[in-house]
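>>> test case, fold it:
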Amino acid sequence: MAEQIVRAGRILAFDTSAEACSVALQNGDEIKLVHEIAPMQQAKRILPLIQSLLDAMSLTLADLDAVAYGCGPGSFTGIRIASSVAQGIAYAGNLPVIQVSSLAILAQSAFFEQNWRKLIIVTDARMGEVYYGAYEIGAEGLAAELIKDSLAKPEDVSVEGLRDAYGVGDAWRVYPDELMKSLGFKPIAVQAAQQPSAKAVLALAQEKYKRGEVVAAFDAIPVYLR
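Below you'll find the model as predicted:
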């Protein structure tokens, strides 16, 4: 007997780890997305955006199968907002929570927009440090971790065997010289302005849901790495 694939029909997903407030809602084969560049405004915008999508699909929290969010690393304020909203919705709807790395979301977003398949993600962590990781898009079109999400000084970022990769994340704009020197090579191309998209959260969340990688509302906490 073929293995049964467990697929969530209705997932609410969002990310506020960077400058965007990005929310997506999946109802079967239908996906609706709202994506706003709203630095410092995510706390005000995210709940109205969520409600607008629920209304557009005539759904309530009780109709959902799961809630997914970008858990970090990223802006401390941003990932706290996402974590708090995920917890509140999960408690209210008695829902499982799917945590998705914000760096993986950036990689998946870059694949959707640029069709880049091997990516070195580096974002500004402030205080002279960066968050970094590396991902490759597999045959199913999903970002898989090559190098674990980490925190380091830009001059200490180290990746091996990725000379054919692309660079993604705002740290490529903030620390270009330091990163090129530490890596010892230049990426094929760089997209420093890439924003995480909730569409990418949904794609990665579906795979995690299928594998049973969910947590209870109580455990929906930010991943700071610091």
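
>>> count the residues that sit near residue 100.
Residues lying near residue 100 (other CB atoms under 10 Å) number 27. Backbone N, C-alpha and C define where each C-beta goes, glycine included.

>>> does it touch residue 207 like I think?
No. Counting by CB atoms under 8 Å, residue 100 sits too far from residue 207 to count as a contact (9.6 Å).

>>> all helices of this protein, in order?
Counting by DSSP state H, the chain has helices at residues 42-56, 76-93, 102-114, 171-174, 176-183, 198-210.

>>> just put those helices in JSON lines and tack on mean pLDDT and distance to residue 141.
Formatted as JSON lines, these follow (pLDDT from 0 to 100; distance: least, CB to CB, whole Å):
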{"stretch": "helix 42-56", "mean pLDDT": "97", "distance to residue 141": "23"}
{"stretch": "helix 76-93", "mean pLDDT": "97", "distance to residue 141": "24"}
{"stretch": "helix 102-114", "mean pLDDT": "98", "distance to residue 141": "7"}
{"stretch": "helix 171-174", "mean pLDDT": "98", "distance to residue 141": "24"}
{"stretch": "helix 176-183", "mean pLDDT": "96", "distance to residue 141": "26"}
{"stretch": "helix 198-210", "mean pLDDT": "97", "distance to residue 141": "8"}
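
>>> just name the most buried of those helices.
helix 102-114 (a mean of 26; mean count of other CB atoms under 10 Å).

>>> any idea which of the helices of the chain gets closest to residue 66?
Closest to residue 66 of the helices of the chain, according to CB to CB: helix 198-210, at 5.9 Å.

>>> mind splitting this protein into its structural domains?
The chain resolves into domains spanning 10-102+196-219, 103-191 when parsed by automatic domain parsing.

>>> residue 226: which of these is closest?
domain 103-191 (5.7 Å).

>>> what residues are bridge-paired with residue 144?
residue 136 (DSSP bridges).

>>> pretty sure residue 75 sits against residue 18.
Yes. Counting by CB under 8 Å, residue 18 is a contact partner of residue 75 at 6.5 Å.

>>> thinking again about what came up before, need the domains of the chain in TSV (columns: distance to residue 225).
Output for the domains of the chain, formatted as TSV (distance: least, CB to CB, whole Å):
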stretch	distance to residue 225
domain 10-102+196-219	5
domain 103-191	4
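
>>> ok, and the closest non-adjacent residue to residue 187?
Of all residues not flanking residue 187 in the chain, residue 167 sits nearest, at 3.8 Å (CB to CB, 6 or more residues apart in numbering).

>>> which residues does that neighbour contact?
119, 120, 122, 179, 187, 189, 190, 191, 192 (CB atoms under 8 Å, 6 or more residues apart in numbering).
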